[in-house]
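Undergrad: Sequence first, predicted coordinates after that:
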Amino acid sequence: MRRNQSVLQVAADQRSQLLKCAASRTLPAGDVFRARLILALAEGQTYSQIMRSLQTTAPTISRWKQRFEEEGMAGLDPRHKGSQPRVADAKVQARIARKTQQKPSDGSTHWSCRKLAKALGLSKSTVQRVWAQTRLKPHRLDRYMASNDPDFEKKAADIIGLYMNPPQHAAVFCVDEKTAIQALDRLDPVLPLSPGRAERHGFEYYRHGTLSLYAALDVKTGEVHGMTAARHTAQQFIAFLTGLVERAAWAKEIHVVLDNLSAHKTKDVDDFLAKHPQVRFHFTPTYSSWLNQVELWFAKIQRDVIARGVFTSVADLGTKLRKYIRAYAKSAKPFRWTYTDPTHRIRPNKIAGTAY
């Protein structure tokens, strides 16, 4: 297509400004496009040539040519300034926040942004913006456990006192059992890690059996003493304590922090304590496992060994657990506990310490 056209007249100052604009790398693309279009017309290029070089249409060329002829450089300013950003006013924000904290009427447990937007006759983007501003996250769920122990403050203060200011010439151990650890063997081969692909395990597995792990974390050194057992009974617990007493023979007192498992309170255990008066138990309050530091270590061995482990037998599981414990002892460090105000009474349902 070829149109009859006269060369567009451009003044020297306009040409200089257009050249500068056409070569710019920071101006909006639309400004650069219009400058190049006018310069092409000033050079006498045909509409067909400009349409090919600038990937545009004849009506667009005609429109900007006419505006430049009528208004000069001012005619190249875009006429559409864009829509104003939509901001939900306080009334709309309050309406969204109030509705979000109510249960949906369809029986579901929480709102999605699209479901709430439809219910309120708003756009999902508006709901998303208000949720972000008010920090409402209906898709999230946090769980908590409140202790119902009437002696919570007394027990918690006792245990935290052992961590922060242990008695002289005494050993402090955090003891617990990790029971029913499954020796799972994958039926399909494990596909190893490779660039762009995570390690992959097959869904099918074979269960060889279970194993229990007794562990005692030395609060002072961070070292862990462990023992594997087929079952977690009072007899196994006493055998573990006996080994712990032998390891800490230097200590005048041995303080053991442990939970309220029934195997920890049998007659045989009472007889053991009577024969070893230097051993003193400190039971954590109910539903307060976070006070026992060995739980932190159990979480670590779960991540490092158990969760992704492949075990060909129960014996293989025990071997790998003991190997990890021996390796951990070489670089063990104590957990650092902080308490905001040790002189302040510990109150139920409040975090008394933070472990790092």
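TA: Arrived safely, thanks for sending.
Undergrad: sec struct for the residue positioned nearest the centre of the chain, please.
TA: What sits nearest the mean C-alpha location of the chain, by C-alpha atoms, centre = their mean, is residue 140, with 11.9 Å. Following DSSP: H, G, I helix; E, B strand; the rest coil, the label given to residue 140 is coil.
Undergrad: what comes up buried for the top helix by length along the chain?
TA: In the chain, ranked by residue count with DSSP state H as the criterion, the top helix is helix 314-330. Applying a neighbour-count criterion of 16 or more other C-beta atoms under 10 Å, the buried positions in helix 314-330 are 314, 317, 318, 320, 321, 324, 325, 328. From N, CA and C alone the C-beta is placed, and that goes for glycine too.
Undergrad: quick one: contacts of that helix?
TA: With contact meaning C-beta atoms under 8 Å, 6 or more residues apart in numbering, helix 314-330 is reached by 181, 183, 208-211, 213, 215, 223-226, 228, 230, 301, 304-305, 309, 311.
Undergrad: List the contacts of residue 133.
TA: Listed by C-beta under 8 Å, 6+ apart, the contact partners of residue 133 are residue 93.
Undergrad: Okay, and it sits in which element?
TA: Using DSSP states H and E, residue 133 falls within helix 124-134.
Undergrad: Rounded mean pLDDT for that helix, please.
TA: Helix 124-134 shows a mean pLDDT of 92.
Undergrad: Just the C-alpha atoms of that helix, please, in CSV.
TA: C-alpha atoms of helix 124-134 as CSV (Å, rounded to 0.1, in the frame of the first residue of the first chain):
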residue,chain,number,x,y,z
LYS,A,124,-10.6,-10.4,44.3
SER,A,125,-7.8,-7.9,44.0
THR,A,126,-9.5,-5.6,46.4
VAL,A,127,-9.9,-8.4,48.9
GLN,A,128,-6.3,-9.4,48.5
ARG,A,129,-5.1,-5.8,49.1
VAL,A,130,-7.2,-5.4,52.2
TRP,A,131,-6.0,-8.8,53.6
ALA,A,132,-2.4,-7.8,53.0
GLN,A,133,-2.9,-4.4,54.7
THR,A,134,-4.8,-5.9,57.7
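Undergrad: Flag every buried residue along that helix.
TA: For helix 124-134, a neighbour-count test (16+ other C-beta under 10 Å) marks 126, 127, 129, 130, 131 as buried.
Undergrad: Show the residue spans covered by the strands in the stretch 51-200 of the chain.
TA: 170-186 (DSSP state E, counting those that start in this stretch).
Undergrad: where in it is pLDDT low?
TA: Low-confidence segments of the stretch 51-200 of the chain (pLDDT under 70): 81-86.
Undergrad: that older thread, filter the contacts of helix 314-330 to the buried ones?
TA: Buried by 16+ other C-beta under 10 Å: 181, 183, 208, 211, 213, 215, 223-226, 228, 301, 305, 309, 311, out of the contacts of helix 314-330.
Undergrad: Quick check: of those residues, which lies closest to residue 59?
TA: For residue 59, the nearest member of the buried ones among the contacts of helix 314-330 is residue 309. The distance, counting by C-beta to C-beta, is 69.5 Å.
Undergrad: Relative to residue 57, how far out is the residue nearest to the closest one when sequence neighbours are not counted?
TA: In space, and not counting its chain neighbours, residue 309 is closest to residue 320: 6.5 Å by C-beta to C-beta, 6 or more residues apart in numbering. Residue 320 sits 71 Å away from residue 57, going by C-beta to C-beta, to the nearest Å.
Undergrad: next one: residue 232
TA: 80 Å.
Undergrad: ok, now residue 335?
TA: As defined by C-beta to C-beta, residue 335 lies at a distance of 70 Å from residue 57.
Undergrad: who's more crowded, these two?
TA: residue 335 (16 against 12; other C-beta atoms under 10 Å).
Undergrad: What strand or helix carries that one?
TA: Using DSSP H and E, residue 335 maps to neither a helix nor a strand.
Undergrad: Going forward, count from 18.
TA: Sounds good: first residue 18 from here, last item residue 352.
Undergrad: And the pLDDT for it?
TA: 85.
Undergrad: just to revisit the earlier point, between the buried residues of helix 141-151, which is closest to residue 45?
TA: residue 146 (25.4 Å).
Undergrad: just checking, the closest one touches residue 109?
TA: No. If you go by C-beta atoms under 8 Å, residue 146 and residue 109 don't touch, sitting 10.3 Å apart.
Undergrad: Among the contacts of helix 331-347, which ones are in helices?
TA: Members of the contacts of helix 331-347 lying in helices (criterion: DSSP H): residue 318.
Undergrad: Mark which of the contacts of helix 331-347 are part of strands, please.
TA: Counting by DSSP state E, the contacts of helix 331-347 place 198, 200, 225, 226, 227, 228, 230, 232, 241, 242, 243, 245 in strands.
Undergrad: Would you check that the fifth one makes contact with residue 201?
TA: To tie it back to what came earlier, the one meant is residue 227. No. Counting by C-beta under 8 Å, residue 201 is not a contact partner of residue 227; they are 10.0 Å apart.
Undergrad: to the chain's geometric centre, what's the distance from the helix or strand hosting residue 299?
TA: With secondary structure defined by DSSP H and E, residue 299 is part of strand 296-300. Centre-to-centre, strand 296-300 and its host chain are 36 Å apart (C-alpha atoms, centre = their mean, to the nearest Å).
Undergrad: Buried residues in it, which are they?
TA: Applying a neighbour-count criterion of 16+ other C-beta under 10 Å, one finds 296, 299, 300 buried in strand 296-300.
Undergrad: Nothing else from me, thank you.
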